[in-house]
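Chemist: Dropping the sequence and predicted coords here.
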Amino acid sequence: MQGNIKKLTLLTIISVIALFILSATLAAAQPAPRFLHGRYAASGVESCVTAICGFAPNGVPLYAIDGAWFDSTNIHQDYFTFEHNGTGTASGTLLANIGYNPTMPTTTPSVGLITYSYSFTYTINPFTGTITITLNSASFIWQWTTGQYVTTPATIYSTTTSPLITVGTISSDGSRIVLNFGVEPTGPRNVIPSFSLCGETQQVCAGSLVLTLQ
């Protein structure tokens, strides 16, 4: 009798484990939604290198020896609203930490808050869970709210960047999205208007945002 009980217990444990594995496999196999609808809170960090005169093909900023570049670390607190028709809007606050440029000893590091907003379109591959967000560049507006670049009255900038495509992954239930910067196949993005007359200002950023459905 005791042996039978042990066998029954073992079979029960195996069955429970099998059901758990099967449930996990089925959950993983569920396709991502084709469209989203709702508001997501987002946070994350990105690091950027801005080349005032653009990048050379080897990734080095042009005129780097003359100081025509700067780096920055940006901390995001954003909100994304997705509509079921493949469009959306984003707004948020960015803490920009602009680093010291060793080739320009007169510069000093600085921090400041930037608020911004823009609209976008998005597509989802439900089989891979890949989401692609394309910013409507003409809609992008921003301003400094703290730091050394604040103006009175406040200056609202309208900066277009081309291209600005962000790729990420979405959970099968659509409740969480991870967006990755710096993995786009489009290369450096142009910043318009350019900061100077020495060439097209370009920027490369790397980082990630985690979006959670509210």
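Modeler: On my side now, so go ahead.
Chemist: Pull the residues that contact stretch 123-139.
Modeler: Applying C-beta atoms under 8 Å, 6 or more residues apart in numbering, the contact partners of stretch 123-139 are 31-36, 86, 88, 117-122, 158, 160-172, 177, 179, 192. From N, CA and C alone the C-beta is placed, and that goes for glycine too.
Chemist: Between the two ends of it, how far is it?
Modeler: 19 Å (C-alpha to C-alpha, to the nearest Å).
Chemist: Okay, buried residues for that stretch please.
Modeler: Neighbour-count burial for stretch 123-139 flags 124, 129, 131, 133, 135, 137 (criterion: 16 or more other C-beta atoms under 10 Å).
Chemist: before we move on, back to that, PyMOL command for the buried members of the contacts of stretch 123-139?
Modeler: Selection of buried members from these for PyMOL, criterion 16+ other C-beta under 10 Å:
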select buried, resi 32+33+36+88+118+120+122+160+161+164+166+168+169+170+171+177+179
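Chemist: hmm, back to that, filter the buried residues of stretch 123-139 down to just the ones in strands.
Modeler: Among the buried residues of stretch 123-139, DSSP state E puts 124, 131, 133, 135 in strands.
Chemist: of those, closest to Thr108?
Modeler: Nearest to Thr108 out of these is Leu135 (C-beta to C-beta; 31.0 Å).
Chemist: now the closest one, nearest residue through space, not along the chain?
Modeler: Excluding its sequence neighbours, the residue lying closest to Leu135 (C-beta to C-beta, 6 or more residues apart in numbering) is Leu164, at 4.2 Å.
Chemist: Cool, thanks, signing off.
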